[in-house]
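**Q** Sequence plus the predicted model coming up.
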Amino acid sequence: MPTSQRLRITVDLNKCVGSTICVQLSPSVFALNDQRQSSVVDPTNDTAANILEAAEGCPLGAIVVQDAETGQVLFGARDAAV
Ligand code: SF4
């Protein structure tokens, strides 16, 4: 189910080790790229709760979720958001 809240999702590729936890928790939003690192394929294609759970599940803290309208950081390290 798509989220009604517009989210900006950022994966810090300097941290991502390709554990696939985010892909397993929200497979319609995250996928591994050719470098076996997570990339965001569609930031609207899951509930905000699932997306936040995926971000929280990342063992490296590589995922930042922001409100796309306000820039408010909903999860993750502010300094990782770009
Ligand atoms: S859970 Fe974190 S480390 Fe694992 S693939 Fe996703 S972003 Fe990368």
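**A** That came through fine.
**Q** C-alpha from now on. contacts and neighbour counts both.
**A** OK.
**Q** any weak-confidence spans in this protein?
**A** Filtered on pLDDT under 70, the chain yields the residue ranges 1-3, 78-82.
**Q** got the residues of it near the ligand?
**A** For the chain, the residues in contact with the ligand (Cα under 6 Å from any ligand atom) are 11, 16-22, 37-38, 58-60, 62-63.
**Q** from these, which would you call buried?
**A** Listed as buried from the residues of the chain next to the ligand are 11, 16, 18, 20-22, 37-38, 58, 62-63; burial here means 16 or more other Cα atoms under 10 Å.
**Q** Could you tell me which of those belong to helices?
**A** Counting by DSSP state H, the part of these found in helices is 21-22.
**Q** What about the buried ones among the residues of the chain next to the ligand, which are in strands?
**A** The strands, defined by DSSP state E, take in 11, 38, 63 from those.
**Q** how many neighbours does G57 have?
**A** G57: 16 surrounding residues under other Cα atoms under 10 Å.
**Q** wait, it sits on C22?
**A** Yes: counting by Cα atoms under 8 Å, C22 is a contact partner of G57 at 6.7 Å.
**Q** Please tell me how far the helix or strand hosting L52 is from the chain's geometric centre.
**A** Element membership of L52 [criterion: DSSP states H and E] is helix 48-57. Put simply, helix 48-57 sits 7 Å off its chain's centre (Cα atoms, centre = their mean, to the nearest Å).
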